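>>> all I have is the shape, not the residue letters:
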């Protein structure tokens, strides 16, 4: 009796949280899986036949899927690595003592706190060919010979949306890494200095190992968020010009929301989830190995 | 006996007209609408209607538009969930989908007995007929796309407002130079409306085989060449949307653009008589295609109060009410009598609109129409403008999308 109670008590405490998780996470996931195996078209509500893996086969046979996957890889790798680099530099700077540091630490959060739609609109107009401030400044400073339609060209559109998400996301790294930096004891640096270690050596042998856990966790989180995000691209380019900035989640969204094909859209979403799970699994396995 | 007599007497008294009237619970009609201007409201219309129809309450629900996609998807899902409105604003591009859902109630019997039917033109009724010959949509507002022309810029370049495609190209070339372009092409979202007059302007029609007909293919090459070969459009044209084409025209960066009467007051305020509107260019033999921008009401088949819903939507389409409605919507009244005394826009823009009605046309009513306007058109057109696919391949993709 005692052993049953001992076994049941933690489950009873966990039950409310498990129930909420099941309702808001597991149930939609199960529903998405069910939809992906059926021919579900929004405007044909009376006919929803089971079609097995046909949605997956059609998705994988569509050149737009592979193009979107390629764009997703470029989008995630470029956005996360640049956010990390800028955020790390920001964290190192904010960790030093200087006048108005408190204000600088507060202001750096602003891009992170703004809604994606607002950021998308801000950058769309900043990059605008006709009225954009970046074009005006570029031309007046002699950096550009003429205005550039950044978001209307195949070779610059992706860079434009990546620039916007780097601006939005670097504060996350800056704040997270700053917290990690403050947890590294000053004694380590003092001891290294006494032993004759320079700035670069201190950085590689104290700062980076001291931040390793924070770096891995923040990279993992940000990678998942960026891979899933579509709002910024939707607002700035809608995936265009053509499909030059269309990533996998945007492809799934347009298929389901605009095309009304929820079965196909769900299959694309499930594929994206599996790809992300695979990458996260490999990262965690590698981390455990090292 | 006495008791039976008392009951019978009470029943008889209750049935007499002299008995105190029992308050009837008014029928509530849920109406979904959207206005471009967020400050506009139908409150005044609702109050006037309810005063004239004490048995009907109107619950007007403002639904986010989101380029049409948000509104449509909300409408579909609410109808499927059994929580849809009794009536609501609808567009032609979702007619086929709503028909497939069996969500629409035919309005023919009501329209045929409606006293104000003749105040809506035959062209308007023609455009509002469904593919099965029935009428599910009640005309409410409309625009017809026309060509804005900066008369001062054209005069300076020594050219006249174009009426055909050859003159259009001449005028566009003549007004292009430096930071100014002859034509503000809309390659971004919603641009299909201003593309159709070019592609179907010489006789081709958006019917089976029409997208790949020789006329349509030739005209589409002409359209793409405006950007790629002749360079008479701003370099940002592939992704330019409504704001860009309007702002460019207002900033004198472009000399011509295709839009409709909702921007007429803005243009008039900016340039006065230096800007005008004319019907879109036509091909030889006076063929032409002016895109009809529709706005209608539908009564949904799941409504338990279809008769009351019809009274509301038909009331909205009667001349004085429709004029008042379009004052808020910023579009044109569908009534002939209302248009004759129209004062909400300068006359020349109204005339360009009404003159274009005879050649007004719409996309085919097939389920793919909604996907075409939101996704397929911008993607394929942008690819063609940027040289990723050829203009003929673009048209083949559209033909396949619409007709398989």
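The structure has been received and is ready for your questions. For clarity, every value in this text was computed on a predicted model and none was experimentally measured.

>>> when you work out contacts or count neighbours from here on, use the C-alpha atoms and nothing else.
Will do.

>>> determine the number of other residues adjacent to the residue of chain B found nearest chain A.
Chain A sits closest to residue B:379 of chain B, with a gap of 4.0 Å, by CA to the nearest CA. Neighbour count of residue B:379, defined by other CA atoms under 10 Å in any protein chain shown: 24.

>>> likewise residue B:148?
So residue B:148, with other CA under 10 Å, has 29 neighbours.

>>> looking at the closest residue to it other than its chain neighbours now. What's its pLDDT?
Spatially, and ignoring its direct neighbours in sequence, residue B:148 is nearest to residue B:277 (4.5 Å; CA to CA, 6 or more residues apart in numbering or on different chains). Residue B:277 is assigned 96 on the pLDDT scale.

>>> equivalent analysis for residue A:101, please.
Predicted confidence (pLDDT) for residue A:101: 88.

>>> what ranges does the stretch 1-150 of chain B have for its strands?
With strands called from DSSP state E, counting those that start in this stretch, the stretch 1-150 of chain B shows them at B:27-33, B:56-62, B:87-90, B:137-144, B:146-150.

>>> for residue B:322, find the nearest of the ones you listed.
Nearest to residue B:322 among the strands of the stretch 1-150 of chain B is strand B:137-144 (7.1 Å), distances taken as CA to CA.

>>> what lies in contact with that closest one?
Residues from elsewhere that reach strand B:137-144 (CA atoms under 8 Å, 6 or more residues apart in numbering or on different chains): B:90, B:107, B:124-125, B:128-129, B:260-262, B:290-299, B:313-314, B:316-317, B:322, B:326, B:331-334, B:353-354, B:356-357, B:360.

>>> cool, and stretch B:91-101?
By CA under 8 Å, 6+ apart, stretch B:91-101 touches A:43-45, B:72, B:76, B:104, B:130, B:294-296, B:362-363, B:365-367, B:369-370.

>>> cool, stretch B:59-74 as well?
Contacts for stretch B:59-74 (CA under 8 Å, 6+ apart): A:257-258, A:260, B:28-35, B:42, B:46, B:94, B:374.

>>> next, the buried residues of that stretch.
Applying a neighbour-count criterion of 16 or more other CA atoms under 10 Å in any protein chain shown, one finds B:60, B:63-64, B:68-69, B:71-73 buried in stretch B:59-74.

>>> stretch B:249-265 too?
B:249-250, B:252-262, B:264.

>>> leaving out the residues flanking it, which one is nearest to the residue in the stretch 151-290 of chain A that chain B sits nearest to?
Proximity of the stretch 151-290 of chain A to chain B (CA to the nearest CA) peaks at residue A:242, 4.0 Å away. Using CA to CA, 6+ apart and skipping the chain neighbours, the partner closest in space to residue A:242 is residue B:379 (4.0 Å).

>>> so where's the chain uncertain?
As the question left the chain open, I've gone with chain A. Applying pLDDT under 70 to chain A picks out residues A:1.

>>> you looked at the wrong chain, it should be chain B
B:1-24.

>>> so which residues on it come close to chain A?
B:69, B:73, B:76-77, B:80, B:97-98, B:100-101, B:235-239, B:244, B:248, B:370-371, B:374-375, B:378-383, B:386 (CA under 8 Å from any CA of the partner chain).

>>> any of those buried? List them.
For these, a burial check counting by 16+ other CA under 10 Å picks out B:69, B:73, B:76, B:80, B:97-98, B:100-101, B:235-239, B:244, B:248, B:370-371, B:374-375, B:378-383, B:386.

>>> which of those residues fall within helices?
Among these, the ones falling in helices (DSSP state H) are B:69, B:73, B:76, B:80, B:97-98, B:100, B:244, B:248, B:370-371, B:378-383.

>>> and residue A:72, what element?
Assessed by DSSP states H and E, residue A:72 sits inside helix A:63-94.

>>> just list what that helix packs against, helices and strands only.
Judged by 3 or more CA pairs under 8 Å, 6 or more residues apart in numbering or on different chains; DSSP states H and E, helix A:63-94 is in contact with helix A:101-107, helix A:157-182, helix A:208-228, helix A:248-253.

>>> so for that helix, what gets flagged as buried?
Under the neighbour-count criterion of 16+ other CA under 10 Å, helix A:63-94 has A:64-65, A:67-69, A:71-72, A:74-76, A:78-84, A:86-91, A:94 buried.

>>> ok, now stretch A:274-290?
For stretch A:274-290, burial by neighbour count (16+ other CA under 10 Å) applies to A:276, A:280.

>>> what segments of the stretch 51-200 of chain B are helices?
B:69-80, B:95-100, B:108-112, B:122-127, B:151-157, B:165-174, B:192-199 (DSSP state H, counting those that start in this stretch).

>>> hey, which of these is tucked in deepest?
Of all these, helix B:192-199 has the most neighbours on average by mean count of other CA atoms under 10 Å in any protein chain shown, namely a mean of 23.

>>> now for it, which elements pack on it?
Packing partners of helix B:192-199 (3+ CA pairs under 8 Å, 6+ apart): helix B:214-228, strand B:290-299.

>>> before we move on, the earlier item: tell me the buried residues within the contacts of strand B:137-144.
B:90, B:107, B:124, B:128, B:260-262, B:290-299, B:313-314, B:316-317, B:322, B:326, B:331-334, B:353-354, B:356-357, B:360.

>>> which two among the buried residues of stretch B:59-74 are spaced furthest apart?
Largest separation among these by CA to CA: B:60 and B:69, giving 20.0 Å.

>>> I figured the residue of chain B closest to chain A hits residue A:241, correct?
Yes: with contact defined as CA atoms under 8 Å, residue B:379 and residue A:241 form a contacting pair (6.8 Å).

>>> close to chain B, is stretch A:38-49?
Yes: using CA under 8 Å from any CA, stretch A:38-49 reaches chain B at A:42-45.

>>> between those residues, which is nearest residue A:131?
Nearest to residue A:131 among those is residue A:42, at 39.8 Å by CA to CA.

>>> okay, now the closest residue to residue B:85 other than its chain neighbours: neighbour count?
Among residues not flanking residue B:85 along the chain, residue B:30 sits closest, at 4.9 Å (CA to CA, 6+ apart). Neighbours of residue B:30 under the rule other CA under 10 Å: 19.

>>> what's the spacing between residue B:30 and residue B:175?
Distance, residue B:30 to residue B:175, by CA to CA, to the nearest Å: 51 Å.

>>> report the contact partners of the closest residue to residue A:163 other than its chain neighbours.
Excluding the flanking residues, the one nearest residue A:163 by CA to CA, 6+ apart is residue A:79, at 7.8 Å. Residue A:79 sits next to A:162-163, A:165-166, A:226 when contact means CA under 8 Å, 6+ apart.
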